[in-house]
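>>> Provided below are the primary sequence and the corresponding predicted coordinates.
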Amino acid sequence: MADENKAAGVLGHLPPWPRAALNNSVIGMEQAYRQRKGLPLLSDADIEALKAGVQMPWETGAAAPAPEAASATPAAATPAAAAPPAAAPVATASAAISPEVAAIVAQGKKWSKSSVAAEQARRGRKSLPALNDAEITALLGEPAAPAPAAAAAPVAATTARPAAAAPAASMAASVARGGESTKYVGTPAVGTSKAAAAGGISSTGPEDNAVNQARRRLAWSCVAAFLMAWFLAFFRFFLPRTLFEPATTFKIGYPSEFGLGVDTKFQQKFRIWVDRTPDRLFVIYARCTHLGCTPDWKPSENKFKCPCHGSGYDSEGINFEGPAPRPMDRAHVELAPDGQVVVDVSRLYQWPKGQPSQFNEGDGSSGAWLRG
Ligand code: FES
């Protein structure tokens, strides 16, 4: 019965005549349908005829099929069908690789399955001939179908149409691989991760080799350095910005250590001069009363000279030239219990212009001077 069906052919799920040329996707679905329903599968000759848009001989009211499209039918055994020159052109033309595809393959480009599916869809929309198995195999860069698979093709087809052996072997191999042609139906959209996976493109990220590991280490080092710098800046925010100044009260030694005249050894450290006269000892605060510069002691001239604007002071700090408005201030002095001189520069004695002087107050116990 199956042989009869096969000989007579069945419409199956194919579109009824008249119909356009079918592509691989439709034929693949038809083969799958026939497998599920237990119907005779399309032979290679049938497939080639369907791709060529030829009416099948077993269709109702069909005109006499072209000999080259009916290799699986009894007509194929007739002498006319057995003539190879007439049968070869159609099958060969549909199974051969077109110049367009050959040019793509010659460029070394390898298509993914999703790209092939997209191309098939495009050709379907444009009513162009669909890619045949040989072209698909070439575009995918897969090895050609093994020749032994051709053994599955009917003997009648082999004998009647030797030129169709190659595409027949290709389609038979395709069917033998589990209807691979059906995989082109419903393939993922181009550009998606599924399409990439179908095309053999890895979607799991870059390779884990030494170069990429070094790049990752460098990237993470930069991130860690940035975070560390940010943390230190944040931590520094909580530290006080303190200006450490020298103490304002300090000891300078015993009175007997200072001779008559001006002693400048504490100028750099405490900004003072120790001045001793025959009857007293006092400390001049080394700050010009004009704009605050530090005057220089000129021993040869026995005077202080301000380098900023030229104010001059005598050896006791009394101004006598320049823009200075008044004598230089004197620091508080007193004797410590151990007999040393204690100076307090936070307490200054002044002689403002036109006002009483604070320099010579009291008997030396007020702090402006010490009895020498
Ligand atoms: S600051 Fe001393 S003279 Fe002006």
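On my side now, so go ahead. Residues are numbered from 1 along each chain as shown.
>>> end to end, how far does stretch 306-325 reach?
13 Å (CA to CA, to the nearest Å).
>>> report the mean per-residue pLDDT for the helix ranked longest in the chain.
Counting by DSSP state H, the longest helix found in the chain is helix 210-236. The average pLDDT within helix 210-236 is 94.
>>> and the next helix or strand past it?
Proceeding N to C from helix 210-236, the next assigned helix or strand is strand 249-253, under DSSP states H and E.
>>> surely P352 is in contact with R326?
Yes. The pair P352 / R326 is scored as a contact, 5.7 Å apart, by CB atoms under 8 Å. Heads up, the C-betas are built off the backbone N, CA and C, glycines and all.
>>> those two: which has the busier surroundings?
R326 (17 against 12; other CB atoms under 10 Å).
>>> can you pull the pLDDT of G261?
93.
>>> now do the contacts for it.
D275, R276, S315 (CB atoms under 8 Å, 6 or more residues apart in numbering).
>>> paired strands for the host helix or strand of the first one, with orientation please.
Secondary structure assigned from DSSP H and E places D275 in strand 272-276. Each strand pairing with strand 272-276, determined using DSSP bridges, is listed with its direction: strand 261-263 (antiparallel), strand 280-285 (antiparallel).
>>> need the contact partners of that strand.
Contacts for strand 272-276 (CB under 8 Å, 6+ apart): 252, 255, 258-267, 281-286, 297, 315-317, 331, 341, 343, 345, 372.
>>> hang on, isn't A336 packed against V342?
Yes. Between A336 and V342 there is a contact at 4.8 Å, judged by CB under 8 Å.
>>> tell me, what's touching these two both at once?
In contact with both A336 and V342: K251, using CB under 8 Å, 6+ apart.
>>> those two - which one has more neighbours?
Set A336 next to V342 and count neighbours by other CB under 10 Å: V342 wins out with 16 against 10.
>>> longest strand in this protein, please.
Ordering each strand of the chain by length in residues (DSSP state E) puts strand 341-349 first.
>>> so which elements touch it?
Strand 341-349 is packed against strand 249-253, strand 272-276, strand 280-285, strand 330-335, with contacts defined by 3 or more CB pairs under 8 Å, 6 or more residues apart in numbering; DSSP states H and E.
>>> out of the ones you listed, which gets nearest to the ligand?
strand 280-285 (13.4 Å; CB to the nearest ligand atom).
>>> can you give the contact residues for the helix or strand following the closest one?
Next in sequence after strand 280-285, counting helices and strands by DSSP H and E, comes strand 296-298. Strand 296-298 is contacted by residues V262, T264, Q267, W273, F304, K305, C306, P307 when judged by CB under 8 Å, 6+ apart.
>>> out of those residues, who's nearest L140?
P307 (92.5 Å; CB to CB).
>>> surely the closest one touches C288?
No. Using CB under 8 Å as the test, P307 is too far from C288 to be in contact (9.0 Å).
>>> mutual contacts of those two, please.
By CB under 8 Å, 6+ apart, the residues touching both P307 and C288 are P295.
>>> for the two, indicate the residue with more neighbours.
C288 (22 against 11).
>>> show me the shaky parts of the stretch 251-372 of the chain.
Applying pLDDT under 70 to the stretch 251-372 of the chain flags residues 361-365.
>>> residues from it in reach of the ligand?
C288, H290, L291, C293, C306, C308, H309, G310, S311, G322, P323, A324 (CB under 6 Å from any ligand atom).
>>> try it again with 8 Å
By CB under 8 Å from any ligand atom, the part of the stretch 251-372 of the chain that sits against the ligand consists of 288-293, 295, 306-311, 322-324.
>>> among those, which ones are buried?
C288, T289, H290, P295, C306, S311, G322, A324 (16 or more other CB atoms under 10 Å).
>>> ok, the fourth one touching Y313?
Yep, that's P295 we're talking about. Yes. Using CB under 8 Å, P295 makes contact with Y313 at a distance of 6.4 Å.
>>> returning to what we had before: pull the most distant pair out of the contacts of strand 296-298.
V262 and P307 (16.9 Å).
>>> now do the buried residues in stretch 9-27.
For stretch 9-27, burial by neighbour count (16+ other CB under 10 Å) applies to G9, V10, L14, A21, L22, N23, N24, S25, V26, I27.
>>> all helices of the chain, in order?
For the chain, the helices defined by DSSP H occupy 2-8, 24-37, 44-51, 84-95, 99-106, 113-125, 133-140, 155-160, 165-176, 193-198, 210-236, 267-270.
>>> quick one: contacts of the fifth one?
Meaning helix 99-106. Contacts for helix 99-106 (CB under 8 Å, 6+ apart): I97, W111, L131, E135, A138, L139.
>>> for A102, grab the count of nearby residues.
A102 has 13 nearby residues by other CB under 10 Å.
>>> before we move on, what about V274?
With other CB under 10 Å as criterion, V274 counts 26.
>>> nearest spatial neighbour of it, chain-adjacent residues omitted?
In this structure, V274 finds its nearest non-sequential neighbour in D263, 4.2 Å apart by CB to CB, 6 or more residues apart in numbering.
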